[in-house]
Every structure is written in structure tokens, then in C-alpha cells.
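J.: got a predicted structure here, sequence first:
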Amino acid sequence: MALRLGGVLFLAALLCGVDASSNRPAVNQELSNLFNELWRLDANRMTPGVDYTVSVQGRAGFVNQGSHVVLDHASLPLFSNVDENKLRNITTYAHFMKLLDNYERSTGITERVTPEELTEISLFLDAVLETQVMKRAHQYLVSKGKSSSDSRQFKSQLNLIWFHLYHRQRNTGPDSCGFEHVFVGETKSGTEIIGFHNWVQFYLQEKNSHLDYKGYKARDHDLPDQDDHVLNLQFSWHGVVKPVGSAFIGTSPEFEMALFTVLFLINTERSTTALVNIDQCQMELVVIRQGRCLGTAYPKLLSSNSRHVGQHSH
């Protein structure tokens, strides 16, 4: 089925009574073309109904940020099945999963990186750089003068963007990095989940009973399917609630890293937003930097099933 994406922007617009399209920028056709190419090159993307099965169940209700009380509209886990053998036998996923236990969950606690963890990061980046997805992203960035053609220098650039530690909370040692925030997730002050936009981490945390899926977030006429490749989710993690979060489902770590690395490097502003069409959906992709490193990155749905085509054809 065509890619359908769920995001936060339209939900926020509905709550505010604002037309989400009123201040919409023009579609970035160049990036749309590139990201569709990366989508087609993502040979390690998992197939819904074959490599994994999701059960979206009920629609989640409104929850205030910081609340520990939430109604559960999904009695079953989101992931009813994932082919873990396939995950372990694909090099990028295998190295990716080894990184997930390297971080302190709470901000404000200084991260300590061991020599073993540095090796794990290096092996993961080596594996990502061997994929066609990241090779194409690298080629594009070289053509724009944003990256060196030397693969070793590009690896160092990726390491700085994604894995260099910085201060997310004041008066502590370095306590965060882009990879931890986006792919692993963090908690802030024990009352808020920040980041956490990866489906593999979601599945593993759910499997180990650290995470409880509460239901999907979507508009009435845009209900999610079992094979959607992005979902809006509400969940609790170690007792802390995320009122709404979005995650690609089934995509490889190299696809997500390539997408957001390109966005990070094509602009030097603190916040970069690009309106793109990928497959049959239109979305905003947002990247916010933390100095020379990635602060956060996530998608926002605008429309799916090619509805934007009809909206702008008259």
C-alpha cells in the first residue's frame, strides 16, 4: 500500500481552529524527488504483514503533557509480531540495536561512553555507509558542497551530527545526543517523554513491558491502516506518558538517518522545515539543531492518499 503518514501539525491546527494550509510553504520538489529515491532504495525496509504485524486498535484520547493518568484504548500491544531473526541478520539493524542500551534515560544525568560503545557506534556508521540509501544521500550532499566526497570524513560528519554529546539540561555534564533523542528516547524531570521516534525501539521496549501503547492519534477521515509506514501514537514509557508522538514504521535506520542528515546540512538555521511529497503523502519534515549537532528530528503529516493533489488542482 502507499505510504501514509501521521503527524502533529494538523491535530494542533484543529485544536487552535486554524487552517493548516493557510501559511503552508511551497513544496520542495528537489527534496521530494531525492526522498522518494531514498524510499525506493531502502532495501532493508520491513514489509507489513510479512516481517511485522501491527494492531492499531482504538483512538487515544487527549492527555495533558506531564500527566501520569491516561485511559488505555489499546488492550493489546501495537506490535503483535516482528521477525526478530530478520532484524538480527540485517547488518544495520543488528548494529543499531546494540546502541539502544548505551544511554541514560533521564536528561540531567551525565552520559559515560565506554570504549566498547565507541566501537559499537563506529561499526553502526560503517554499516550505514555501505547502504545504497546513505550512499545516495552522501552523493547529494557532496553535489551541494555540504559534505566531503571522502567517506571517512563523511563518517566523521555523521558521528558529530548524531553521536557527539551535549548539554540538554543545564548544570550537568553532557547528557544527550541526537541519536539518543530521536532513536532511543529520553525523559525530562520524570514527567515528560522527549524524542523517541523509532519503531524498533518501540517494539523492543513494548516486548520487555517497559512501554504500553495507548492507541493511535488521527483525524476521522484519515484513520490508520495496519500497513501504514508512519503512525501517530500515544504511549507510556516507564510510567511517563507521551500524549502524541510520531514514528516511521518498518523503515530502516539508515533511511531515517539519511533523510534527517540531508535536512540538517542543507540549512544553517536553528530550525529547518521542508514541505515534501513522499509517495502518496505530503508532510513537513522538521529538524532542530543543537549547535553543530542534531537536537531533534520528526515528521508532521499534512495529507495522505494523495489528497493534497486534489486540493491544489483547482
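T.: The structure has been received and is ready for your questions. Numbers count the residues shown, from 1 in each chain.
J.: when you work out contacts or count neighbours from here on, use the C-alpha atoms and nothing else.
T.: OK.
J.: mean confidence score for stretch 264-284?
T.: Averaging pLDDT along stretch 264-284 yields 88.
J.: and that stretch, how far out from the chain's middle?
T.: Chain-centre distance of stretch 264-284: 13 Å, with Cα atoms, centre = their mean, to the nearest Å.
J.: how far does that stretch stretch from one end to the other?
T.: End-to-end distance for stretch 264-284, by Cα to Cα, to the nearest Å: 14 Å.
J.: next: stretch 217-233.
T.: Terminal-residue distance, stretch 217-233 (Cα to Cα): 6 Å.
J.: 32 is where my numbering starts, stick with that
T.: Sounds good: first residue 32 from here, last item stretch 248-264.
J.: mind listing what's buried in it?
T.: Judged by neighbour count (16 or more other Cα atoms under 10 Å), stretch 248-264 contains these buried residues: 248, 249, 255, 257, 258, 259, 260, 261, 262, 263, 264.
J.: tell me the secondary structure at the nearest residue to residue 93 once chain neighbours are set aside.
T.: Distances taken as Cα to Cα, 6 or more residues apart in numbering put residue 274 closest to residue 93, at 7.1 Å, once the chain neighbours are dropped. Secondary structure state of residue 274, per DSSP: H, G, I helix; E, B strand; the rest coil, is strand.
J.: rewinding a little: of the buried residues of stretch 248-264, closest to residue 108?
T.: Among the buried residues of stretch 248-264, residue 264 lies closest to residue 108 (Cα to Cα), at 12.0 Å.
J.: so what sits opposite that closest one in the bridge?
T.: Residue 264 has these beta-bridge partners by DSSP bridges: residue 247, residue 276.
J.: do I have it right that it meets residue 247?
T.: Yes: counting by Cα atoms under 8 Å, residue 264 does reach residue 247; the two are 4.7 Å apart.
J.: among the buried residues of stretch 248-264, which ones are in strands?
T.: Secondary structure defined by DSSP state E assigns 261, 262, 263, 264 of the buried residues of stretch 248-264 to strands.
J.: the longest helix in the chain is where?
T.: When the chain is parsed with DSSP state H, its longest helix is helix 146-160.
J.: after that helix comes which helix or strand?
T.: Moving toward the C-terminus from helix 146-160, the next helix or strand (DSSP states H and E) is helix 163-174.
J.: mind listing what's buried along that following helix?
T.: By neighbour count on 16+ other Cα under 10 Å, the buried set for helix 163-174 is 163, 164, 165, 166, 167, 168, 169, 172.
J.: what's downstream of that helix, the next helix or strand?
T.: Helices and strands here follow DSSP H and E; after helix 163-174, the next one along the chain is helix 182-194.
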